[in-house]
Structure formats: structure tokens, C-alpha cells
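Student: Give the three-dimensional model of this entry:
(2 chains)
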Amino acid sequence: MRFTRRAAVAAVGVAALLTATACGSSDDSSGGGSGSTKVEVFTWWADGGEKAGLDGLVKQFGTDCAGQTFENGAVAGGAGANAKSVLASRLQQSDPPDTFQAHAGAELQDYINAGQIEDLSADYDSWGLKQAFPQGLIDNLTVEGKIYSVPANIHRANVVWTNKKVLADAGITKDPADMAAFIADLDKVKAKGIAAPLAVGKDWTQLMLFESVLITDLGADKFTGLWTGATDWNDAGVTKAINDFKTLLTYTNKDRDALDWTDAEKLVMDGKAAYQLMGDWEAADLDAKKFTDYAWFTFPGNGDTFQWLADSFVLPKGAKNAEGTKCWLKTVGSDAGQKAFNTTKGSIPARTDAKPADYPKYQQAAMADWKSFKQVPSCAHGSACSQGWQGAANSALGKFSTNQDVAELQKAMATAASEFVKK
Amino acid sequence: MRKLRHWGPGLLLLSPSLILLAIFVYGLIAWTTKVSVSDEHNALGSKGFVGLENYTKLFTNDINDRFTHSLKNLLIFTVVFLVGAMFFGLLWAFILERGVKAEGFFRTVYLFPMAVSFVASGVVWRWLMNPNKGDSAGGLNSVLGGLGLDFLQNTWWTNPDWGMAAMAIPAIWQLSGYVMALFLAGFRGIPQELREAAAMDGASTYRLYRNVIFPQLTPVALSALIILGHMSMKMFDLIMSVSGPQWLTEVPAIYVWQTLLTSDYAKAAAISIILLLLVAVVIVPYLIYTNRQEKNA
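Tutor: From the prediction side, this is the model:
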């Protein structure tokens, strides 16, 4: 008797637990199907200007692609880090969203290698994108003759932002044309009692600065070669660039490793620094913070080089609604779609036939440069190197910030290149 | 059959949790181990077995010795954190045990930081440990400056050599109260007779603590060390919110996260297993020890 009662209790307990687990697992098998008209767009654009841009794009999608419905698959937080880890597990389980956001260029390499995204070259022809985008961008996007993504926007990385008042106080009237002139200007500002005229933040912002110095010292072609394996990282030009970068670091704030880019931006806004190298999202941010006393110039010695980075969309293999996704991609690449997205996000369209009058002041200047300048990619933002390479480069720059060992940085970058460059 | 009747129902009742543990803890450890000896360095999946290559690479061939650097950081953090938390915990417990007024109030005050999450306190400590000095000082440095103690101003966690010691300060602040609670319970658990007997033998207060009370506290101290030690080795959230992921303050747990983000599953798994072994080295002897104690009792 005693046994049966105990056994009954146990059996009921087990049964209850098993039902609970069974219920838990049957939740997400709904949806899908071949006749779907939903397009799930996976991004990390969840708020601010990015969300507004996405909304603009969705509106355009509604008119261009009647019969398809947009489904927002945004994962917020961590500057995309959270979204990327969710995406990685979904791709591994062969449950891809209909399209997802990724930095255009080398960061796509992992997905291409894994055979997770489709070739869009034929669609580029039929949508006329090869003529609409500048040749330099097409070259950077092409992997072994194929193009896998449609960029929604273009940002520029190699721009120096200045506080006009601080520069006027130091008697600086014209933009420096080369590294020597830049250092002379930094000295002038320093003489006015500003200890750290050049504001930088933690590792990746230092990587951006380092890349700009590399462009100056190596030139655009050799710089691009660093990321494709055509240029050797042990080159004497790289050594010179590291030494120049080291000199520039002496003009920067000592607490750099404790700052993010917005903290460094604040130093410029408060007049505690004169210069900051940052991507052109800084223009939108300064405008949003109602700071008007700023100016910008291309990093000294970069000449007519446009270091670009872009958010783009892809067609994953096994997307449930490939037709709808293609319509989304067509909208993203179209003139109207790019206008709807970029006028609100504060970036510029990748197309060269966009009308400048539709855009604010900084963007108009950037659009003119985009048409005529030479395009080079950026590692700090994934257009030049894969995510693993980017992580290794950030780490190496972080170490250089603490000990300024030139040979060590060069060796670390060379090792990273040999590990990650396309084989 | 009789025996089965005896332990059968108990086993049946335990089986759901046993099965879940087997799958989600031990099964996944086994799977992680398998990944760590494969060459799954990207989303492409594994092509084969590479033995211990991922492990040896971490120690001998990591760029800038990144992994050994993260271990060194972890060592400094753990030592400072354990010594600091044990010292303050014991000190506070001792003071309260000697009979301070409003003991309940102080106990709550000291214990309260533990209720705050590492992420929340990390954000505040990030601001407190602002590395600027002199005119642009902020946080603790500006307090020190205001008190005329400029020479004490510090670069805190941005110091390349001893930054991790500064990183341990928030952790000490947060968990000293917990150690205090453990020790206080230990003090209270010592029978009054022992103290009386010592007094009868003419022991001074110093001898009483040195030869009677503290030896009784060894098991408590050991538990406290183990609990703090394994927390310290897995430290992630505090460092993420104070400094973010970066070279200066990288510890293995953060390195795992960074590696996972770049889809290098094999390397991330190898670091995880090393981390697991490190924690096991501390925990397993302790479990054996307590098991024996319980059997003897």
C-alpha cells in the first residue's frame, strides 16, 4: 500500500513535468510555409535615427511591393552584437530571416564561405545597380565575380571634426593638407593651453585613426591591399604609419581607453579638444545635440580618398519568401528607397544619381565626394576585414594604447593578416 | 525487488531533474569539449578533429599573448578581490561580534550592496573610477582633489599593470557584506561554553580569539573563499559595464564572448573548457572535503 501511494505521487510528478516540457517545445512551429507574403527584415535598428530610416524604407516598400507585408525582426542593443549572435544561431539552425542587415564588404565573407547567402549579381544587372553605384564600391563589394548584398546607405570614416571656436582662438584658419601641417596645428592648439587637442576613445576609435594614418602614408591602393593580402604588413610604409600614429597619440587625451566615441565628441563640444576623427554619423549626432559650431575636413594626407562603410541587406539561402525579399532588396537599392532611408538616418545614398538638394548640408558635400573620390574600405567597420580580424585589430590597438610598442603592433597586425586574409 | 521498492519511487521522482541535468549540464559540457578539439573556426562548421591544437595555440600562438594576458588579469583580480573581501568581511563581522550598538542596522548597511546587480553598480563605478586627474578630474579623483589629497589620485583601471586591482574594488565593495554575514554566523555558532572555559583557564582576549575562536571559523572561511573564488573566475558583467570589452581589462570570460561574436566556436569552446577546469580545480577538492566532513559528523 505504501509503495503504491509513493509510486503514484512520483508518477504524477513525472507526468506533470513531461507535459510542461512538451508544451514548451511546441510554441514556435507556426508560420512559414511556401506561400508566405511576409518579409521578415532582421536588423539592429531599434531606435533613434536608424529606426526612423527603417520606417521610411518600410513605407516605400509598402508602395513598391503591394501584396507583401513587412515584419520587423529587430534585435536591439550592443551596437549589433546582440543581433549578430541571435542571427548566427538562427542561421545554424537553418531558420534564416527573409533578409538581414550586415556591413557590406568583408564582414559578409563568413556568410559567403558558409554558403548562407545567395548571389545577387543577376539582380544587380536587372535593377541597374551596376550603373547607379560607383565603380569603386562595386569593386569592393565583388567577391570572386559575385555580389551578395545591396547597400542601403553609405557612411564615411576618414573625416576630422573640429570645434571652430577653439581653432579660431589658436589662430588656425585653414585645414591642414598633410601630416606635418596637422601636427603643426596640433602644437598651436596645445600652446593655447589645451593639453589634448585630438580627442579619441577606446580601441576601435583608435583603429579608425590608425587606418586614416595608413591611408596617408601608403596611399589608397596600397591601403586596400593591406586587407586583400596584396600589401605586406611588414612594409616600411606601415612602420612609418605606426610611428606617425604614435606621435598623434601624444596629442590625445590620457583617459582614451575609458571613453566611447560620444565621450570624445563631448570633449570637442566642450572646447576641451579641437579635433576628433570619426565617421560622418557625427554630423547627425552634433546636429541632434544642437551643437552648430563645428566644421570638418578629410583626414590630412588622405587626398581624394573616401573611406566608406555601409549597411546592406542580403538574401539568405532558404529564405521563406525569396520573392518578397527580392522586392525588399530592389526597394533598398532604388532611388526612392535610398532617399527615404538616408534623409532620416543622416547617411548618404550609395547611388550616384541621387539629388543633393534633398539632403542636409554635410551630406551634400559627402555626396559630391562620393561621386568623384576613390573608395577604400574600413576595417573598424567591417567593410575591409572579417569580424575575427576586426576583433584582433581592436585588441592590438588596445594594447598599443597602453605601451606604444611600434614593433609589437606591426607584428600583431601582420600575424592577424596572415591568419585572416582570404586564402 | 524489495530493494527496488525501496529506492525506485525516489529515483523516479528525481529522474526529471537528473535527465535535465544530464542533458543541459553534462551533455553540453561534453559537446563543448567536442567543439574545442575540432576546427570549427567559422560558421562553416567543423571539418575534423585537431586534437589539442586549439589549447596549445591559446598558450603559445595567440596574437600578443592575448590569452595569457587575460589569465594574468584574472589572477590579479582574483587575488585582490579575495584578500580584500575576506579582510573587510572579517573586520566588520569582528566589530559587530564585539557588540556594537545598532548591530541590526549596520548588518543591513553592509549586506545591502550585495542586492545591487554587478551591471548597475558597474555603471556607477565606471563613473567613480574616472581616470582623469588634476583640473579635469571626475568621480573619486575629484573627491580626493577636493580633500587636498591629490597624490592619491589614480588612473584606476586604465593602469596597464595594476588596473585589474582597481577593477576588484567594486567587487570587494559588493561582496564584503556577504563574507561578513558568513563570519557572523560562524561567530554565533561557537558555543558560549568554549569562551567560558577559556576564561576559566585565564586566557587573554587575544589568546581567546587566536586559539579558540578563529580555529573554529576555518570551515566558514573556506566556504567564503570558494564561493568568492568561483564568482571571481567567472567575472564578466562587472568588467563589461566598467570598461567594456577591451585589451586592458580582458579576462577569459570576456575573451570567450569576444571570440564567439567572431564565430570562432572552437577557440571559444577551448577557452570555456579551460575556465571550467580552473573553477573545478577550486571546487572539486572543496566538495570532497565537505563530503568527508559530513560523513565524519
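Student: what residues are up against A:A241?
Tutor: A:F210, A:V213, A:L214, A:T216, A:D217, A:L218 (Cβ atoms under 8 Å, 6 or more residues apart in numbering or on different chains). C-beta: built from backbone N, CA, C; applies to glycine.
Student: Buried ones in the helix or strand harbouring B:V119, by neighbour count?
Tutor: Assigned by DSSP states H and E, B:V119 falls within helix B:118-128. By neighbour count on 16 or more other Cβ atoms under 10 Å in any protein chain shown, the buried set for helix B:118-128 is B:F118, B:S121, B:G122, B:W125, B:R126, B:L128.
Student: mean confidence score for it?
Tutor: On average, the pLDDT along helix B:118-128 is 91.
Student: Next one: the closest residue to B:M240 other than its chain neighbours from chain A, what distance?
Tutor: Distance criterion Cβ to Cβ, 6 or more residues apart in numbering or on different chains; nearest residue to B:M240, sequence neighbours excluded, is B:I254 at 6.7 Å. B:I254 is 11 Å from chain A, where distance means Cβ to the nearest Cβ, to the nearest Å.
Student: Pretty sure A:G73 sits against A:F42.
Tutor: Yes. Using Cβ atoms under 8 Å, A:G73 is in contact with A:F42, at 4.1 Å.
Student: which regions of the stretch 1-150 of chain B lie under the pLDDT threshold?
Tutor: B:1, B:43-44 (pLDDT under 70).
Student: who in it is up against chain A?
Tutor: B:5, B:8-10, B:12-13, B:15-16, B:41-45, B:63-64, B:66, B:126, B:130-132, B:136 (Cβ under 8 Å from any Cβ of the partner chain).
Student: Tell me the confidence at A:L329?
Tutor: pLDDT, read off for A:L329, is 93.
Student: now A:Q93
Tutor: Reported pLDDT for A:Q93: 84.
Student: Please apply the same query to A:D293.
Tutor: A:D293 is given a pLDDT of 92.
Student: Spit out the contact partners of it.
Tutor: A:N163, A:K164, A:K165.
Student: what about 6 Å?
Tutor: A:K164, A:K165 (Cβ atoms under 6 Å, 6 or more residues apart in numbering or on different chains).
Student: The one residue in the stretch 301-423 of chain A that gets nearest to chain B sits in which helix or strand?
Tutor: Per Cβ to the nearest Cβ, A:G398 is where the stretch 301-423 of chain A lies closest to chain B, at 3.0 Å. Element membership for A:G398 (DSSP H and E) is helix A:387-403.
Student: Equivalent analysis for A:V376, please.
Tutor: Here A:V376 is assigned to strand A:374-377, by DSSP H and E.
Student: avg pLDDT for that strand?
Tutor: Here the average pLDDT along strand A:374-377 is 90.
Student: So what are the sheet partners of that strand and their directions?
Tutor: Strand pairing for strand A:374-377, determined by DSSP bridges: strand A:305-309 (parallel).
Student: how far away is A:A66 from A:A283?
Tutor: Distance of A:A66 to A:A283, given as Cβ to Cβ, to the nearest Å: 35 Å.
Student: who's more crowded, these two?
Tutor: Taking neighbours as other Cβ atoms under 10 Å in any protein chain shown, A:A66 and A:A283 compare with A:A283 leading, 23 against 8.
Student: ok, now which ones touch the more buried one?
Tutor: Going by Cβ under 6 Å, 6+ apart, the list of residues near A:A283 reads A:Y362.
Student: ok, back up a step: could you tell me which residues within the strand holding A:V376 count as buried?
Tutor: So strand A:374-377, judged by 16+ other Cβ under 10 Å, has buried residues A:K374, A:Q375, A:V376, A:P377.
Student: next one: stretch B:134-149
Tutor: Buried residues in stretch B:134-149, counted by 16+ other Cβ under 10 Å: B:S136, B:A137, B:G138, B:G139, B:L140, B:N141, B:S142, B:L144, B:G145.
Student: May I have the phi/psi pair for the fourth one?
Tutor: Phi and psi for B:G139, reported as degrees, to the nearest 10, are phi 60, psi -140.
Student: so who does it touch?
Tutor: Applying Cβ under 6 Å, 6+ apart to B:G139 gives the contacts B:W127, B:L128, B:N130.
Student: how about the strands in the stretch 251-400 of chain A?
Tutor: Along the stretch 251-400 of chain A, counting by DSSP state E, counting those that start in this stretch, strands occupy A:275-278, A:294-298, A:305-309, A:311-314, A:374-377.
Student: Convert the fourth one to CSV, retaining C-alpha atoms only.
Tutor: Meaning strand A:311-314. Coordinates of each C-alpha in strand A:311-314 appear next as CSV, following Å, rounded to 0.1, in the frame of the first residue of the first chain:
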residue,chain,number,x,y,z
ASP,A,311,24.8,48.7,-44.0
SER,A,312,23.5,46.3,-46.5
PHE,A,313,20.8,43.6,-46.9
VAL,A,314,21.2,40.1,-48.3
